[in-house]
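Asker: fold the following.
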Amino acid sequence: MKTSLLDLQKQRRTIYALGKNVDQTPEEISDFIKETIKQAPTPFNSQSTRAVILFNDYHKKLWDIVLNNLKPHLKSEDAVKATTEKINSFSNAFGTVLYFTDMDVVHGLEDQFPSYAQNFYDWSEQSQGNAQYAVWTGLAENGIGANLQHYNPLIDEDVAKEFGIPDSWKLRGEMDFGSIESPAGDKDYIDDDKRFKTFK
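Answerer: Just a heads-up that it's a prediction; the model follows:
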């Protein structure tokens, strides 16, 4: 069996220590992300995934929005300090991809194919997973680290206002990316016999 894809999968890790020292330009990265999402599979070729790619002050503004929305929920100075440090680490990255699902597409498929209506949102989430994983792995292949966050729906309203997001776009995740300033640690795996069954 060829293992080039498997090798890339092993290279893709959650990297929290990110910086701005990447070799690629924002244009190169943006084009790569867009094409990668276009090539990710979707059910019924629905293409329901949307993305907003942020660099420079737009990237920083996103993480300012996250922090400003989190602060009212923090109960102590220590929590504020720890959360600020965490969010600043995301802001220190080179850029962020905001992943959305266009719910107009999902609802349109529900109307068009009523027998499968209850499945289309779940399938759109699978599409999100395909797109996010493909981008994440592709960035890793190019020496760019990333991590995936989920501050939605807490930030949805402010993000929509700041970046002109259509009403039908539902925020599903925030992936910040940049140079790998410190590698990921070792990863543990549960036993195969607890996860897999093979019948021959």
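
Asker: how about the helices of the protein, start to end?
Answerer: Under the criterion DSSP state H, helices of the chain are mapped to 4-11, 26-39, 56-70, 77-91, 103-112, 120-141, 156-163.

Asker: next, count neighbours for residue 160.
Answerer: The tally of other residues near residue 160 (other C-beta atoms under 10 Å) stands at 15. Where C-beta positions appear, they are placed from N, C-alpha and C, glycine not excepted.

Asker: any idea how far it is from residue 168?
Answerer: The spacing between residue 160 and residue 168, counted by C-beta to C-beta, to the nearest Å, is 11 Å.

Asker: hmm, back to that, distance to residue 185 added to the helices of the chain, as CSV?
Answerer: As requested, the helices of the chain are arranged in CSV below (distance: least, C-beta to C-beta, whole Å):
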stretch, distance to residue 185
helix 4-11, 14
helix 26-39, 26
helix 56-70, 24
helix 77-91, 16
helix 103-112, 37
helix 120-141, 16
helix 156-163, 31
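
Asker: for residue 189, which of these is the nearest?
Answerer: helix 4-11 (11.5 Å; C-beta to C-beta).

Asker: just the CA atoms of the closest one, as PDB, please.
Answerer: Provided in PDB are the C-alpha atoms of helix 4-11 (Å, rounded to 0.1, in the frame of the first residue of the first chain):
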ATOM      1  CA  SER A   4       2.000   9.200   1.100                       C
ATOM      2  CA  LEU A   5      -1.400  10.400   2.300                       C
ATOM      3  CA  LEU A   6      -1.000   8.500   5.600                       C
ATOM      4  CA  ASP A   7       2.300  10.200   6.100                       C
ATOM      5  CA  LEU A   8       0.700  13.600   5.600                       C
ATOM      6  CA  GLN A   9      -2.100  12.600   8.100                       C
ATOM      7  CA  LYS A  10       0.600  11.900  10.700                       C
ATOM      8  CA  GLN A  11       2.200  15.300   9.900                       C
END
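
Asker: report the angle between it and helix 120-141.
Answerer: 90 degrees (axes from the mean of the first three to the mean of the last three C-alpha atoms, to 10 degrees).

Asker: now for residue 149, how many residues are close by?
Answerer: If we define neighbours as other C-beta under 10 Å, then residue 149 has 15 of them.

Asker: having no further points to raise, I will conclude here.
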